[in-house]
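> missing the sequence, but the structure's below:
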């Protein structure tokens, strides 16, 4: 998926969200501008060829791993909020290490990504103790990775996440006037995510599932 296609998809999703919002006006509560802070953690599920090891595709280079996120959201309009997101995505390299060990080699690897994102959050439902909102936006990524094989340590120069499109849902259940439990399901499409020297690229498709807490001011 090229960046142009990702932009077209994001515009389409925004239009769908706007149409959806027009059908839920009767369900909303009295609006007031609010600021909220969210903290969440969970697990991401990888999907696609980007997880396969270049030498042996039957072995996973990366597997599911932990996700930790933090965001600040400002709800400026009745049916829309804007959020700044940041977080950590751990890339599990255990399958590759186990495979190398089975072949008589000792390999120790580690990899993670950090991201900063800017998201629109259309409110699909906003009443009493329940909020349901979509999440549409972009994340910018940086990564750190390395592998140690015997006396040699080198970076994974093929792991090159730059920017990605984000689409998701968040459900908030209020425990009190200012505190809510937040459950999120998000899809991140990062292109290019994997870029080998041979010119072969892979989009990284990751799906974080998290639970956290949101504080409303």
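Everything's here; your move. Note that the coordinates shown come from a computational prediction; the quantities given were computed from them, not determined experimentally. Numbers count the residues shown, from 1 in each chain.
> where do the strands sit along this structure?
For the chain, the strands defined by DSSP state E occupy 34-47, 65-77, 80-91, 107-127, 130-149, 152-154, 163-174, 179-195, 201-216.
> among those strands, which is nearest residue 57?
strand 201-216 (11.4 Å; CB to CB). The C-beta positions use only the backbone N, C-alpha and C, and glycine is treated the same way.
> got the angle for the closest one vs strand 179-195?
Orientation check (axes from the mean of the first three to the mean of the last three CA atoms, to 10 degrees): strand 201-216 against strand 179-195 gives 160 degrees.
> residue ranges with poor pLDDT in the protein?
1-33, 197-199 (pLDDT under 70).
> re the thing from before, the strands of the chain into CSV, with extra columns for distance to residue 55?
Shown next, in CSV, are the strands of the chain (distance: least, CB to CB, whole Å):
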stretch, distance to residue 55
strand 34-47, 18
strand 65-77, 21
strand 80-91, 17
strand 107-127, 12
strand 130-149, 12
strand 152-154, 15
strand 163-174, 26
strand 179-195, 14
strand 201-216, 15
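> now those strands as a markdown table including distance to residue 53 and mean neighbour count?
What follows is the strands of the chain, written out as a markdown table (distance: least, CB to CB, whole Å; neighbours: other CB atoms under 10 Å):
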| stretch | distance to residue 53 | mean neighbour count |
| --- | --- | --- |
| strand 34-47 | 13 | 16 |
| strand 65-77 | 16 | 18 |
| strand 80-91 | 13 | 18 |
| strand 107-127 | 11 | 18 |
| strand 130-149 | 11 | 18 |
| strand 152-154 | 15 | 9 |
| strand 163-174 | 22 | 19 |
| strand 179-195 | 11 | 20 |
| strand 201-216 | 12 | 19 |
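> and of those, who's closest to residue 99?
strand 107-127 (8.5 Å).
> Please consider this matter closed, and thank you.
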